[in-house]
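Peer 1: Generate a structure from the sequence data that follows.
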Amino acid sequence: MLNQVLRGDDNMNLKDFVKDKDFSTENNTEPFPEGKTILQVESIDVQEQAVEFDGKKRMRYILSVGDKQYWAGSQIMEGVKAAINAGFKKVEVNRKGLGLKTKYAVLGVQE
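Peer 2: Numbering: from 1, shown residues only. So this is what the prediction gives:
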């Protein structure tokens, strides 16, 4: 039944369905760009979204920054939380690498 639901009327199997999709960018979101992104903490809206991949359920967070939406995992959100708890009103998200080699650093930024 699950296979029928995913295929719908187009008769597409699961392998074809996922081939051209980038689930990290669904809902017009995108990963943080390579390099530094500065976030003004008080002007960002956040929304939780449950996702499943590799057979595991995980939470992703959609951060609305101006006219863009970025997705963030728990590593980024833990860094943001630590910076906010330390009293910072701006946060720098620094992304390096691609795919499974992606690394994030999150730092508080002085005004």
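
Peer 1: Which strands or helices does the lengthiest helix in the chain pack on?
Peer 2: Longest helix in the chain, counting residues (DSSP state H): helix 74-85. Counting by 3 or more CB pairs under 8 Å, 6 or more residues apart in numbering; DSSP states H and E, the packing neighbours recorded for helix 74-85 are strand 56-65, strand 90-96, strand 103-109. In short, each C-beta sits where N, CA and C put it, glycine included.

Peer 1: Residue 40: what's it in contact with?
Peer 2: If a contact means CB atoms under 8 Å, 6 or more residues apart in numbering, then residue 40 has 89-90 as its contacts.

Peer 1: Oops, could you answer that again for residue 57 instead?
Peer 2: Applying CB under 8 Å, 6+ apart, the residues near residue 57 are 50-51.

Peer 1: who does the residue most central in space within the chain bridge with?
Peer 2: Nearest residue to the geometric centre of the chain (CA atoms, centre = their mean): residue 71, 2.0 Å. Legend: beta-bridge partners of residue 71 under DSSP bridges are residue 62.

Peer 1: With that, I have no additional questions.
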